[in-house]
Each structure stands twice: as C-alpha cells, then as structure tokens.
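S.K.: I need the structure of the sequence given here:
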Amino acid sequence: MRIFDATLQTLERALDVRLARQAVLAGNVANADTPGFQPKDLDFAAAMASAAPGGAAGGPARPTVEGSRRAGDVALAAAGSLAPDAPEQFVGDVPGAAAGLDGNAVDLDRTLVAVSENALQYGAAARAAGKKLAILRYAANDGQG
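M.R.: Numbers count the residues shown, from 1 in each chain. Next up is the predicted model:
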C-alpha cells in the first residue's frame, strides 16, 4: 500500500496550476486600462491532463533533484526555468476577446468572475489536501487523533 497515492499528487498539481492561473488573471486585471493589451488565460484542463499518465507532456514522471522520478514534481531545467510541463506553458490568449476603442480586450467583469471562481477552486483543493493529510496523520498516530 502506498501512503502518498495519486490523489495527493493530483491535488498538489491542481494547487500549482490554480496558483499559476491566479497570477495570469491578476495580470489581466492589472492591465485592464493598458491600451492594446490582450488578455491571457491558463487552460486548467490541459495543464492537468499533461500531468496525467500518457498526458501531453509524456505523463507525470519528471526528474527531481535527486534523480528519482515522482508524479507531481516540478523540476527545474538546467537554465533555471521551469520544466517543460510547467503550468505556464498552457497560458494563451483569451479566444473571442473583443477589443475596445483603445485596443484593450480585457472584460473586467468576466475576469473578476474567473478570479473568484479560481480562488474558490483553489480553496477547495487546499481543503481536500488538508483532509487527506489529516487521514494520514490519524493513521500515523494509530487512531489517537
């Protein structure tokens, strides 16, 4: 039996991707008045699928500092940048964003809704990870709380 199963690894990846998406959405809000700015978004489903076995980036196995392979790790490349399957590679332009007179295509209302939804999803994943760790703590203490 494995102590740290795929559930905890998936939750870890979800938290990483949600955090990256929050940064992208915050950038959109910050540039809401910048002329010519094109909003970006992170494709959460694609980023999560890349970490799944057989995903777009070759599955979850990535080398760690020790050279072992474990799902959910974010390894650093030699140049100090994030590994090829980092969430940032799934950032792209928002499709169908209509630019205003100044060329800015940020829809502030939709962006703030996306920020709120993403924050709620991040919180839910964090609580789920906390519950999973509480179960492990309970088992490690022989059921003594």
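
S.K.: return the set of buried residues in stretch 98-115.
M.R.: Within stretch 98-115, the residues scored as buried using 16 or more other Cβ atoms under 10 Å are 104-107, 111, 114-115. For the C-beta atoms, the positions are set from N, CA and C on the backbone; glycine is no exception.

S.K.: so can I have JSON lines of those showing distance to Gln38 and secondary structure?
M.R.: JSON lines is the format used below for the buried residues of stretch 98-115 (distance: Cβ to Cβ, whole Å; DSSP: H, G, I helix; E, B strand; the rest coil):
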{"residue": "Asn104", "distance to Gln38": "8", "secondary structure": "coil"}
{"residue": "Ala105", "distance to Gln38": "5", "secondary structure": "coil"}
{"residue": "Val106", "distance to Gln38": "8", "secondary structure": "coil"}
{"residue": "Asp107", "distance to Gln38": "12", "secondary structure": "coil"}
{"residue": "Thr111", "distance to Gln38": "13", "secondary structure": "helix"}
{"residue": "Ala114", "distance to Gln38": "15", "secondary structure": "helix"}
{"residue": "Val115", "distance to Gln38": "18", "secondary structure": "helix"}
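
S.K.: tell me where the chain has helices.
M.R.: 6-30, 44-51, 108-140 (DSSP state H).

S.K.: mean pLDDT lowest for which of those helices?
M.R.: Confidence, taken as mean pLDDT, is least for helix 44-51 of those (a mean of 89).

S.K.: other SSEs contacting that one?
M.R.: helix 6-30 (3 or more Cβ pairs under 8 Å, 6 or more residues apart in numbering; DSSP states H and E).

S.K.: which elements pack onto the helix it packs on?
M.R.: So helix 6-30, by 3+ Cβ pairs under 8 Å, 6+ apart, packs with strand 40-42, helix 44-51, helix 108-140.

S.K.: can you check which of those gets nearest to Val24?
M.R.: strand 40-42 (5.1 Å; Cβ to Cβ).

S.K.: from the middle of its chain, how far away would the closest one be?
M.R.: 11 Å (Cα atoms, centre = their mean, to the nearest Å).

S.K.: can you point out the buried residues in that strand?
M.R.: Buried residues in strand 40-42 (16+ other Cβ under 10 Å): 40-42.
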